[in-house]
Every structure is written in structure tokens, then in C-alpha cells.
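>>> Structure for this input, please:
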Amino acid sequence: MGKMALMGAIVLIGWKGGERIGLFGASILGPMNVTAALSLSGFIHTRPPAEAVLTAQFMIGLGIGVGYVGITMIQLRKNVLSAVFSS
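Residues are numbered from 1 along each chain as shown. Take a look at the predicted model:
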């Protein structure tokens, strides 16, 4: 099985498995947990290609950014200041 096909299978299994058990953030945490288990068991040994990592980061950022469509500058300032002071 090719590296990208294996990654795709891990994503789907982790995501849908995480949803099935009610895992918070199943779309991200599910695949991470499956990958960690496979890595610790010695089944996978290599890192994903840089292009796959960059694409995943872009898609996650896009998903977060879409949540800010239509908000006002006052709401955005409140969210940013809240994030700054909480960290």
C-alpha cells in the first residue's frame, strides 16, 4: 500500500472511529491517535511528505477561518484579545 493511500486510510478510520466513540475533535484527534498507535507499535516508520503536511495545515486553517465569515471587527477584536490574554 502506498504511503498516501495508507495516510488516507488512517485519516478515515481515525475520523469515523473517533466520531463513533464520541471523541471531541474527532476529525483531528482520531487520526492522530490512530497514527500514534501505529507508530508506537512499529507499523509505520516514516514521516508524511511535506506536501501532505502543508495541505493538511492549510485545510485546518481554512476550516477555522470560515468560522469568522460575517463577524464584525468588534467581535474579531474581542476574540483576538481573549486569545491573547488567555495564553
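>>> Quick one: the helices in this structure, in order.
3-20, 26-40, 50-66, 73-86 (DSSP state H).
>>> which other residues reach the second one?
Residues from elsewhere that reach helix 26-40, judged by Cβ atoms under 8 Å, 6 or more residues apart in numbering: 10-11, 13-19, 23, 44-45, 60. Where C-beta positions appear, they are placed from N, C-alpha and C, glycine not excepted.
>>> again with the shortest one
Helix 73-86 has contacts (Cβ under 8 Å, 6+ apart) with 68, 71.
>>> Spatially, which two of the contacts of helix 26-40 are the most separated?
Glu19 and His45 (28.1 Å; Cβ to Cβ).
>>> Nearest to the middle of this structure, which residue? Look it up for me.
The C-alpha lying nearest the average C-alpha coordinate of the chain belongs to Ile28 (Cα atoms, centre = their mean; 3.4 Å).
>>> Can you lay out the contacts of helix 26-40 as CSV showing distance to Val84, pLDDT and neighbour count?
Formatted as CSV, those follow (distance: Cβ to Cβ, whole Å; pLDDT from 0 to 100; neighbours: other Cβ atoms under 10 Å):
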residue, distance to Val84, pLDDT, neighbour count
Ile10, 35, 91, 20
Val11, 32, 90, 17
Ile13, 37, 95, 13
Gly14, 32, 94, 24
Trp15, 31, 93, 18
Lys16, 36, 96, 12
Gly17, 35, 94, 15
Gly18, 30, 94, 21
Glu19, 32, 94, 12
Leu23, 29, 92, 16
Ile44, 38, 88, 16
His45, 40, 85, 7
Ile60, 21, 85, 12
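>>> which one among the residues you listed gets closest to Ala52?
Using Cβ to Cβ, the contacts of helix 26-40 come closest to Ala52 at Val11, 10.2 Å.
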